[in-house]
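Novice: here's a sequence, model it:
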Amino acid sequence: MPITWERILRIGKLLFPLLVLVIVAVQARKELAALSVRNAVQVIKHIPTGGFFLAVTVGALAVSTMFFYDFLMLRSMKADIPVRKIFRISWIANSFNSIFGFGGLVGAGLRAMLYRPYVQDNGQLIKNIAWMTTAFITGLSFLSFLGLIGVLDTSFVLQEKPWLWPALIIFAFLGPVYIGTSKLRHKKGKTLTGEEGPAVLYSLASLVEWLSAGMALYVILSLLGVDIGFRQALGVYIISAIAGSLSLIPGGLGSFDLIFLMGIKQHGVGAETALSVILLYRLVYYIFPFGLGLAFAAFEMTGTTLKKVADKPFIAPALETTGVLWVLQRNFFSKLSSWALAALSALTGCIIILSVLFPTESDRAHALRILVPKQLVQVSFSLSLSFGVLLILLSKGVYHQTKRAYYMISIALIGGAVFNALKGIDLEETSLLLIILAVFYTLRKRFVRERTELTLVDAGKVAIALLIILYAYHSFGTWLSETKNIFKPHYVVRTAVQVYRSTLVTAVFVPVFLLIGAILFNRSQTKMMGQPASAAGLQLFLEKHGGNVLSHLGFLGDKRFFFSSDGEALIQFARSGNRLVVLGDPSGNPLSFSKVITEFLHEADKFGYTCIFYQIESKWMGLYHDFGYNFFKLGEEAVVDVSTFTLSGKKRAGLRATMHRFEREGYVFSIIPSPITNELYTQLKRVSDAWLDGKKEKGFSLGYFDLDYINRAPVATIADENGRIIAFTTLMPVYQPNEISMDLMRYSPEAPNGIMDAMLLHLFEWAKQEGYQYFNIGMAPLSNVGISPHSFWSERVAAAIFNNVRYMYSFSGLRYFKEKYKPIWSGKYLAYRKTHSLPGTMLVVTRLIGKQGKH
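Specialist: Next comes the predicted model:
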């Protein structure tokens, strides 16, 4: 691939933030070497509850000012969107962009996706979002100018870091350049819809935003007892924000913090206090708003919105950004609602675990001893930890939106709220849990899936995650218990023994809770998709809509039926564990095949099943490919054109000889219509039992000897000169014009050689006389699959399973046997999920085939 400037620029966009992170990490290591994060957290803990809520409120107000960007843009476009919806979308875009957005890409993408249904011109929307995003920096530019002329005190920082002078000068002139560019574009007639007015208003909104963020930081400084003027504090903030913006890292993480730490120290603020300011600022301006953004996203990202993203990826072409980065973000957008709820659950669990870890205020601890028995307090710590861990472990079920996960997460949230209140009167965490519970209750209708597939691998992952969390908790909790003198007298630290007890209780409680929950709430175990087998219903459907070569096997009674919503297509399937194995392609109207597969997969996903499609035809492979399936070639099906088949010619001399020999020896071929007599059934059963020789009948994709099933179609027999039947074949309607197939083909051990050739030759002649054109003589497993040393290991194993496990007798010479009739060969395939192994899938199918149907 040729190296171009555009390609270099794209690579640079990815590498530059990483390089900045490395430089910041090296520099931060020097600055933070003598600091204690523990002491910084202790400083935050000293803030009264009212002060902490004040910091959270001011941070939320600062984030909410970014709403004006969206409001101004949409009003200039005359988009009719309720203000409340604009506020929610704005909050989602800005809070997510603060955590994930390289250069505002995430925020722009979310806005484009969520505002699209409300505007007429999508291209204009993209351009306006891009222009609005450019304005985000103008407020910082105006404040930089104030710092440049000395209104804001930036001198201390610039003396320490003189290399920031050029950056300050450049940023100071970005705002005027932005407004001037807008006016120039307006004069040239290249302006966007309402661009000139919003350019100034955007700049005012940006100024309000940056001032609000600076005010939030100043309030935090005041709460922590830092004696510093607003002019000096805002000056340090401006320089730090410039450094963060230059890094292109979301939220200026690292670069902002390092410059702020250096700058605030120049004003006589202690290093640990400065670190506390940064931690609390990140918490109230980034983390808490992001949590609320997750809740808003769970409400806002409906199925309709996601479908529009999946069907029309309109954002990517307009943004013209780095390909890999955009693909990752687009995949993220498409599952945002589920991801947001899962992240909210996990984040809440982490907060609860941290609450259990950190010391309890002495005043609360003493008050609690008066109100609650000591033993209950100790139990509350252990159960709070347990429910916090459960909130993390259940996040996968929340992501898949199963009913089981909803019930279990609700119990975990209620339990967490109760025991958090009992362990230390932690009203903050209790309030948070109740709010999250209200969010889940409001969204309860989203949890429509009955269950998800649970495997031993899933259980192993949960066990590993539980061990890691408990190990981290125990290690950190034990370390804190050894430093309790630092926290006295304001805090009560748990002892190492208490930490150990909580770890042990959680190690027992969590698995028991998950096991009981899986049993109690897995109600779908007694439920099943589709409808039970109905011979009358199947017969009516096939006569009306048609079928295929495998449709007749539905009369075995060992499968269930799933009809499309329009009643035009039918799928027959059977369950094997957590798998649903579909036999063949759908029957019925081909125009409804996509509909019935879509509905079947949706219903299977709801009940937590994985679907396998067995013996599909090559002409429908594209359809299954669109649903994300991989393929394995099972073999090839042979169809003989009886209208052109003849025994004349030199190459058919052997077949003619076989026919003449059986005629000379007095063998008689007959076609016996259904229903057969009891006497004939007894003779056929004798032949079948002798052919089976004590082996068990197969099922699912193979017919078996059963009176009701045999009576569904005519039976072809060959009897000897004494009238004794020595071989028979049951015919199988294909429910397509001009085609018929055979099903059971059995003969007595004493039958002469060539009996099956004689049977087929007679059947070809009979089918031709009856007006059929094609006779299906069945599938031959592909003998060369998995033979090459270059074949995939999974295919070699699958081929071995297919050839040696699937059938009771060898098919190695079957293709050679059928080739003499010069049939038309067509492939038969297994369609399986990319995330599942091929050998494992084949074992599921062969195990199902080994189960005989309704006997």
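
Novice: neighbours around Pro117, how many?
Specialist: Look at Pro117: counted by other CB atoms under 10 Å, it has 11 neighbours. Where C-beta positions appear, they are placed from N, C-alpha and C, glycine not excepted.

Novice: and it, helix, strand or coil?
Specialist: Under the three-state scheme (DSSP: H, G, I helix; E, B strand; the rest coil), the conformation of Pro117 reads as helix.

Novice: what of Gly635?
Specialist: Secondary structure for Gly635, judged by three-state DSSP, is strand.

Novice: contact partners for it?
Specialist: Met779, Ala780, Pro781, Leu782, Gly827, Lys828 (CB atoms under 8 Å, 6 or more residues apart in numbering).

Novice: repeat that for Leu385.
Specialist: By CB under 8 Å, 6+ apart, the residues touching Leu385 are Ile352, Ile353, Val356, Tyr473, Ser502, Thr503, Val505, Thr506.

Novice: tell me which element the fourth one is part of?
Specialist: Following DSSP states H and E, the helix or strand that holds Tyr473 is helix 456-481.

Novice: mind listing what's buried in that helix?
Specialist: Buried residues in helix 456-481, counting neighbours by 16 or more other CB atoms under 10 Å, are found at Val462, Leu466, Ile469, Leu470, Tyr473, His474, Gly477, Thr478, Leu480, Ser481.

Novice: and the residues you listed, which is closest to Lys685?
Specialist: Closest approach between the buried residues of helix 456-481 and Lys685, by CB to CB: Val462, at 52.2 Å.

Novice: is it true that that closest one touches Leu393?
Specialist: Yes. Val462 is within contact range of Leu393, at 5.8 Å (criterion: CB atoms under 8 Å).

Novice: mind listing the shared neighbours of these two?
Specialist: Listed as contacting both Val462 and Leu393 by CB under 8 Å, 6+ apart are Leu514.

Novice: just to revisit the earlier point, which other helices and strands does the helix holding Tyr473 contact?
Specialist: helix 336-357, helix 374-393, helix 496-520 (3 or more CB pairs under 8 Å, 6 or more residues apart in numbering; DSSP states H and E).

Novice: now that helix: how far from the chain's centre is it?
Specialist: Its chain's C-alpha centre lies 25 Å from the corresponding centre of helix 456-481 when counted by CA atoms, centre = their mean, to the nearest Å.

Novice: confidence score at Arg724?
Specialist: In this model, Arg724 is scored at 92, pLDDT.

Novice: and if you look at the one 5 residues further on?
Specialist: At Thr729, the predicted lDDT confidence score is 94.

Novice: and what of Ala130?
Specialist: Per-residue confidence for Ala130 comes out at a pLDDT of 82.

Novice: neighbours of it, just the number please.
Specialist: In terms of burial, Ala130 registers 16 neighbours under the definition other CB under 10 Å.

Novice: secondary structure element holding it?
Specialist: In the assignment (DSSP H and E), Ala130 maps to helix 122-134.

Novice: go on, Leu760?
Specialist: Element membership of Leu760, judged by DSSP H and E, is helix 755-769.

Novice: same question for Leu204.
Specialist: Taking DSSP H and E as the definition, Leu204 sits inside helix 196-223.

Novice: what is that helix packed up against?
Specialist: The criterion is 3+ CB pairs under 8 Å, 6+ apart, and the helices and strands that helix 196-223 contacts are helix 49-64, helix 67-76, helix 122-134, helix 138-148, helix 174-187, helix 230-247, helix 271-282.

Novice: just the angle between it and helix 230-247, please?
Specialist: Interaxial angle, helix 196-223 versus helix 230-247 (axes from the mean of the first three to the mean of the last three CA atoms, to 10 degrees): 120 degrees.

Novice: so where's the stretch 51-200 of the chain shaky on pLDDT?
Specialist: By pLDDT under 70, the low-scoring segments of the stretch 51-200 of the chain are 101-104, 156-158, 160-161, 163, 185-197.

Novice: hmm, I typed the wrong one, I wanted the stretch 751-855 of the chain.
Specialist: In the predicted model of the stretch 751-855 of the chain, residues 782-813, 851-855 satisfy pLDDT under 70.

Novice: would you map the strands across it?
Specialist: For the stretch 751-855 of the chain, the strands identified by DSSP state E, counting those that start in this stretch occupy 774-781, 824-833, in order along the chain.

Novice: what residues does the first one touch?
Specialist: This means strand 774-781. The set of residues external to strand 774-781 that reach it, using CB under 8 Å, 6+ apart, is 549, 615, 634-642, 734, 738-742, 760, 763-764, 767, 802-803, 806, 811, 814-815, 818, 821, 823, 828.

Novice: I'd like to know which of those residues are buried.
Specialist: When these are checked against 16+ other CB under 10 Å, the ones flagged as buried are 549, 615, 634-640, 642, 734, 739-742, 760, 763-764, 767, 802-803, 806, 811, 814-815, 818, 821, 823, 828.

Novice: so which of the helices and strands packed on helix 456-481 is nearest Lys834?
Specialist: Among the helices and strands packed on helix 456-481, the nearest to Lys834 by CB to CB is helix 336-357 (20.0 Å).

Novice: which parts of that closest one are buried?
Specialist: Along helix 336-357, these residues count as buried under the neighbour rule (16+ other CB under 10 Å): 336-349, 351-353, 355-357.

Novice: what's the answer for stretch 599-617, then?
Specialist: Of all the residues in stretch 599-617, those buried under the rule 16+ other CB under 10 Å are 599-601, 603-617.

Novice: inside strands: which ones of these?
Specialist: Among the buried residues of stretch 599-617, the residues falling in strands (DSSP state E) are Thr610, Cys611, Ile612, Phe613, Tyr614, Gln615, Ile616, Glu617.

Novice: nearest to Ile92, of these?
Specialist: For those, with Ile92 as the reference and CB to CB as the criterion, the closest is Thr610, at 32.8 Å.

Novice: pLDDT wise, what is the residue with the largest distance to the centre of the chain at?
Specialist: The C-alpha centroid of the chain is most remote from Arg664, which lies 68.3 Å away (CA atoms, centre = their mean). Each residue has a pLDDT score; the one for Arg664 is 89.

Novice: go on, Ser701?
Specialist: Residue-level confidence at Ser701 comes out at 81, pLDDT.

Novice: isn't Gly584 right up against Asn548?
Specialist: Yes. If you go by CB under 8 Å, Gly584 and Asn548 touch, sitting 6.0 Å apart.

Novice: residues near Lys403, how many?
Specialist: Neighbourhood size, Lys403 [other CB under 10 Å]: 19.

Novice: residue contacts, it?
Specialist: Phe447, Val448, Arg449, Glu450, Arg451, Phe521, Arg523.

Novice: tilt between the helix holding Tyr473 and helix 496-520?
Specialist: Going by the same axes, to 10 degrees, helix 456-481 makes 160 degrees with helix 496-520.

Novice: what mean pLDDT does helix 456-481 have?
Specialist: Across helix 456-481, the average pLDDT comes to 87.

Novice: equivalent analysis for stretch 298-308, please.
Specialist: Along stretch 298-308, the predicted confidence averages to a pLDDT of 58.

Novice: same question for stretch 585-594.
Specialist: Stretch 585-594 shows a mean pLDDT of 93.

Novice: quick one: buried residues of it?
Specialist: Neighbour counts over stretch 585-594 (16+ other CB under 10 Å) mark Asp585, Pro586, Ser587, Gly588, Asn589, Ser592, Phe593, Ser594 as buried.

Novice: what does stretch 412-421 give?
Specialist: Burial within stretch 412-421, assessed by neighbour count using 16+ other CB under 10 Å, is assigned to Ala412, Leu413, Gly415, Gly416, Ala417, Val418, Phe419, Asn420, Ala421.
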